[in-house]
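>>> What would the 3D arrangement of this be:
(chains A and B)
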Amino acid sequence: MIILPNQQLPLFKQFFLIAITTTVFCTLTKNSAAQDDLLAQEERALQQAVAQVAASVVQIEVLGGLETGNDGPVSGLAVSNDGFILSSAVNFPPAFTSILVSTPSGKRAAATLVSHDYNRNLVLLKVNTTEQYTTASPVPHAEVIVGQWSVALGKTYSREVVNQSLGIVSATNRIWGKAIQTDAKISPANYGGPLIDIQGRVYGILTPLSPRGQSPTDGTDWYDSGIGFAIPLIDILPHLDTLKAGNDLHSGLLGVSLKSGDIYDLPAEIVAVQPKSPARASGLQKGDTIIKVNDLVISRQAQLRHALGGQYAGNTITVSVKRGDQIVTVKVTLVEKLEPYEHPLLGVLPDRNFAEQGTQIRHVYVDSPAQQVKLQQGDIITHINSEAVADHNALRLVLSNFEPQDQLTLTYLRNNEPTTVSLELGSIPQQAPTISAHAAPSTAAPADTLATGLIDVKLPEEKNECVAIIPTNYRHDVPHALIVWLQAPGKPDNEELQTQWIALAEQYHAIVLAPQSADPARWNPSEVDFIRKTIDNVLSLYTIDRNRIVVHGQQAGGSMSYLVGFAHRDLIRGVAPLDVSLPARTAIKANDPGERLAFYVFDVKESKLVKASAAGVKRLTAAKYPVTTVQLNDKAGLSDSDRLQFLQWVDSLDRI
Amino acid sequence: MSLLFAKRLPLLKPLLIATLVLSGLATSSQADDLALASNTVQSKMVKIYGAGGLKGLEAYQSGFLISGDGHILTVWSYVLDTDYITVVLDDGRKFEGKIVGADPRLEMAVLKIDSQELDHFSLSKSIVLQPGARILTISNLFGVATGNEPCSVLHGIVAATTSLNARRGAFKSPYQGPIYVLDAISNNPGAAGGALTDSYGNLAGLLGKELRNAQNGTWLNYALPIAQLTTAVEDIIAGRTRPRSFDETVNRPDNPHTLKSLGIRMVPDVLAKTPPFVDSITRKSVAEQKGIQPDDLILYLNNRRIDSLNTLVNEIALIDKIDDITVVIQRDNNLIDITLPGQ
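Numbering: from 1, shown residues only, chains lettered A, B, ... in the order given. You can find the predicted model right below:
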């Protein structure tokens, strides 16, 4: 627009010219009829980009299947000329009967679902057609820059014309390194469609994702919220041949347990390496701290999740660990499924009052490996495989690196004389030993000012009620078991609760915490978080034994106890459902060597649920969790002897 | 999944967008255009207060002036179902609004206030937008503006143009016609009756009432194209009568096709959504002549999607016996088009 004369002009004249042209320019743009302004140019560029990719976007109709709330057409992106289509797994309800995909000529053709990418919530379809699709090119990683325009495309409203939503790239490497984030409106109107750039290239495939879960519908509650995700196309293309061949892609698993706690704070220190895992095969050891995965430096656990989140089973990664003063680097090939891990049993209960080096034995299990090598009450276990073990918690963690039938040597002190024996570890039995409660310390009880008896636990930000029963003989130098009681929906009778529990709570040093549902008619799954808060509240006030925190619930409260147990593995060590079956859709998480979890299932005789409950127990047992089942005669609940047996089981949860 | 989509967007977001339009882009001269556009439209907007106020039913909506003499275009809703409709102009002046007429089929109403020489949109100068076009929506969503406060402006683009009757029962609305689907969270409480314009402030549509997409449970952001309303508005202003009700069942034929008359026997209806598989075909029937076979899966009937036996039976009852039926069936992995002639 500014035409500068050829010859050199005096300086003031140049200024004058520039001033004039600037004025003219401004006047022009002030005129709203000016069609060639930047805004219009940008709009045209975006439309050109949309038009470029539009032919690769297909409409997908999924017929039949279970009710999901979405019966409408959904979207996909052609990734080969002969009709391979990528889409989001959320678009395909269980047990659908047919898939129809739009063809370039505007017709419909039948398609089959070829394979799943379970890690990234995508599916690959193949359309049965001779028509040729056009494909779009991917945006290279280096050219995905936060702040760039992005347009989300779908074909929900029409088979011919795309629907579009305009936004920007909000972030990269989201959801543990898997996704590009956009503020375009992402919803069922474009799940499965592409997110494109202003040049008409594809950033990725739109799909709901959640940092908290990997089921197909996780993340759908963020629809149209300003937070949407796309799986980079450039990341999927290298795996396209695998998917085309009908092979599913799964998340890759390593098989280590890390120290529990805040993943944004703690280093990635390995506390247990699962037997028969890739980690074990590569030589990773308990006590190693992971400091590098491929090229990513790891200083906290969250970074390790980031490095592993997008890895598929079958990928080989390079892991560097700090082992003492050394740095060891190994190559590990990740797997889809770890062999279910089973905790071994030595066969002893520890004396909780013992304060010196080692683990003093409180009780030896009948017919256990410990009994076979003639360990006795009062012996002090000091070494496993010649390595010193500080206390019973450390001993339990060391044994989490073994499985039943593994051999080890054990050193113990009896009358200050060390003895070393070899033994083969056994399995955890169904029945807890019937022994008397743990003795209180011989020292005099310290002065305590905390309230005992029936107390109110009130969380200021929650409308739910919650009470706790604190034994009257509570003393803070005794670690207490915590039983979280989730009653069946209905009006709570706190007085009766106290009558039922107080005597046994005093005898077995247990605190009973009873959070109640906000709605007296039902428990809401989201109340899992409230329950966690009440537990944290009790933990901050009273001395609780972390090995013996148990969630016990009846009917709907029992379903909640399963939810709480699986949701808070870092805290819950036992789940005791009463008169309820494991919800069929509950995904059973793998047994974790570092985070023990045991089940105590109460069935009511002649209840309709017995069969369903047995099916649940079978699933838990198959996943190698220790499960104890008991039959109750009365639907009304636990008798005093049932309750006593239950408390003996809770008391035995710190078994080794 | 339908429950998951029940969440409404927080109030904050549209407000934020409005603020962005007015200030966020202020460094470029293009922003001046947007600002200019939103200023010139504000004087044509009105806030309407009427019946409601109960739980979940707001007692307000939006509207805009379409004549210098005080004619106002808005949506037909329960808010107008009262003897006392209050209209507040952009400058804060308050008037009583009288209903001149309404077209429930279009879910549209025309009000009149007693005033003159008012700034207004001209329906005859309305424009048509293409998908991807930049847009502004101007409305009193959530009732944030009162008195002489300007309405809220949201920006976005046209996400798609589609038809509310594209699929029967997809959108639960008496209005069955073309709409603009908007890429902006425009249709929140109180926004109905607001204006859709291009980025220069040229009128293109009337924001519709809150509507859930019955197919996927999401909330729909949309506007009715002005061209769809012009004739009806002119009729109302000229005093010509408009129909007051709309009944879809009047089109139901007296003598429809039935599965039996076509010679098709379906599998027993045992599930909530039994897949419509053909069980057997009557000898010498129309179905047999045209080649329908046992185990065929019926996918479409006259271009309507058939997702269950139940839908199939309902759809057939809407087709007159003298009319042809087009059927799309799936046999193994192939789609086959078949026309069954009327009788």
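>>> Please count neighbours and contacts with C-alpha atoms only from this point.
Fine.
>>> low-confidence ranges in chain B?
B:1-36, B:53-56, B:165-172, B:214-215, B:241-251 (pLDDT under 70).
>>> Tell me which residue of it lies closest to chain A.
Residue nearest to chain A within chain B: B:Asn216 (3.8 Å; C-alpha to the nearest C-alpha).
>>> In this structure that residue contacts A:Asp71, no?
Yes: between B:Asn216 and A:Asp71 there is a contact at 6.1 Å, judged by C-alpha atoms under 8 Å.
>>> Could you pick out the residues of the stretch 101-250 of chain B near chain A for me?
When proximity is defined as C-alpha under 8 Å from any C-alpha of the partner chain, the stretch 101-250 of chain B approaches chain A at B:131-134, B:156-162, B:183, B:200, B:215-218.
>>> at 6 Å what do you get?
B:Ala159, B:Ala160, B:Asp183, B:Gln215, B:Asn216 (C-alpha under 6 Å from any C-alpha of the partner chain).
>>> Please name the residues that touch the third one.
B:Asp183 makes contact with A:Ser165, B:Gly156, B:Ile157, B:Val158, B:Ala159, according to C-alpha atoms under 6 Å, 6 or more residues apart in numbering or on different chains.
>>> In CSV, list the residues you listed along with secondary structure.
CSV is the format used below for the contacts of B:Asp183 (DSSP: H, G, I helix; E, B strand; the rest coil):
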residue, secondary structure
A:Ser165, strand
B:Gly156, strand
B:Ile157, strand
B:Val158, strand
B:Ala159, strand
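>>> Tabulate those residues (JSON lines), appending neighbour count.
Formatted as JSON lines, the contacts of B:Asp183 follow (neighbours: other C-alpha atoms under 10 Å in any protein chain shown):
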{"residue": "A:Ser165", "neighbour count": "27"}
{"residue": "B:Gly156", "neighbour count": "23"}
{"residue": "B:Ile157", "neighbour count": "25"}
{"residue": "B:Val158", "neighbour count": "25"}
{"residue": "B:Ala159", "neighbour count": "27"}
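>>> neighbouring strands for the strand or helix carrying B:Val153, and are they parallel or not?
Take DSSP states H and E as the rule and B:Val153 turns out to sit in strand B:152-163. Applying DSSP bridges, strand B:152-163 is found paired with strand B:134-139 (antiparallel), strand B:178-183 (antiparallel).
>>> Those strands: which one's closest to A:Asn393?
Evaluated with C-alpha to C-alpha, those place strand B:178-183 nearest to A:Asn393, the distance being 56.9 Å.
>>> For the following helix or strand past the closest one, give me every contacting residue.
The helix or strand immediately downstream of strand B:178-183 is strand B:195-198, counting by DSSP H and E. Outside strand B:195-198, the residues that touch it by C-alpha under 6 Å, 6+ apart are B:Ile135, B:Leu136, B:Thr137, B:Ile138, B:Leu203, B:Ala204, B:Gly205, B:Leu206, B:Leu207.
>>> what sits against A:Pro520?
So A:Pro520 contacts A:Pro489, A:Gly490 (C-alpha under 6 Å, 6+ apart).
>>> any idea how far it is from chain B?
Per C-alpha to the nearest C-alpha, to the nearest Å, A:Pro520 is found 21 Å from chain B.
>>> For that residue, give me phi and psi.
phi -60, psi -20 (degrees, to the nearest 10).
>>> pLDDT score for it?
pLDDT recorded at A:Pro520 is 87.
>>> Can you add distance to A:Phe646 and give the contacts of B:Asp183 back as JSON lines?
Below are the contacts of B:Asp183 laid out as JSON lines (distance: C-alpha to C-alpha, whole Å):
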{"residue": "A:Ser165", "distance to A:Phe646": "57"}
{"residue": "B:Gly156", "distance to A:Phe646": "61"}
{"residue": "B:Ile157", "distance to A:Phe646": "63"}
{"residue": "B:Val158", "distance to A:Phe646": "63"}
{"residue": "B:Ala159", "distance to A:Phe646": "60"}
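>>> from those residues, which is closest to B:Asn187?
Distances from B:Asn187 to these, taken by C-alpha to C-alpha, are shortest for B:Gly156, at 12.6 Å.
>>> surely that closest one meets B:Ile138?
No: if you go by C-alpha atoms under 6 Å, B:Gly156 and B:Ile138 don't touch, sitting 11.6 Å apart.
>>> give the contact list for the residue nearest to B:Gly92 when sequence neighbours are not counted.
Excluding the flanking residues, the one nearest B:Gly92 by C-alpha to C-alpha, 6 or more residues apart in numbering or on different chains is B:Asn148, at 3.8 Å. Residues in contact with B:Asn148 (C-alpha under 6 Å, 6+ apart) are B:Asp90, B:Asp91, B:Gly92.
>>> Could you report the neighbour count for the residue in the stretch 451-600 of chain A that chain B sits nearest to?
Closest approach between the stretch 451-600 of chain A and chain B, counting by C-alpha to the nearest C-alpha: A:Ser526, at 12.8 Å. A:Ser526: 10 surrounding residues under other C-alpha atoms under 10 Å in any protein chain shown.
>>> Looks to me like B:Leu224 is in a strand.
Yes: according to three-state DSSP, B:Leu224 belongs to a strand.
>>> Comparing the strands paired with strand B:152-163, which stretch has the densest surroundings?
Counting by mean count of other C-alpha atoms under 10 Å in any protein chain shown, strand B:134-139 has the highest mean neighbour count of the strands paired with strand B:152-163, with a mean of 29.
>>> any residues touching that one, and which ones?
Outside strand B:134-139, the residues that touch it by C-alpha under 6 Å, 6+ apart are B:62, B:151-157, B:191, B:194-199.
>>> and A:Glu342, what helix or strand is that in?
Here A:Glu342 is assigned to no helix or strand, by DSSP H and E.
>>> Now it: closest residue in space that isn't a chain neighbour?
A:Lys624 (5.1 Å).
>>> Assign the one you found to helix, strand or coil.
Quick answer, by three-state DSSP: A:Lys624 is coil.
>>> Would you check that it makes contact with A:Glu339?
No: between A:Lys624 and A:Glu339 no contact is recorded; they are 9.6 Å apart, counting by C-alpha under 6 Å.
>>> The two - which one has more neighbours?
When neighbours are counted by other C-alpha under 10 Å, A:Lys624 and A:Glu339 differ, and A:Lys624 comes out ahead with 18 against 15.
>>> Cool, thanks, signing off.
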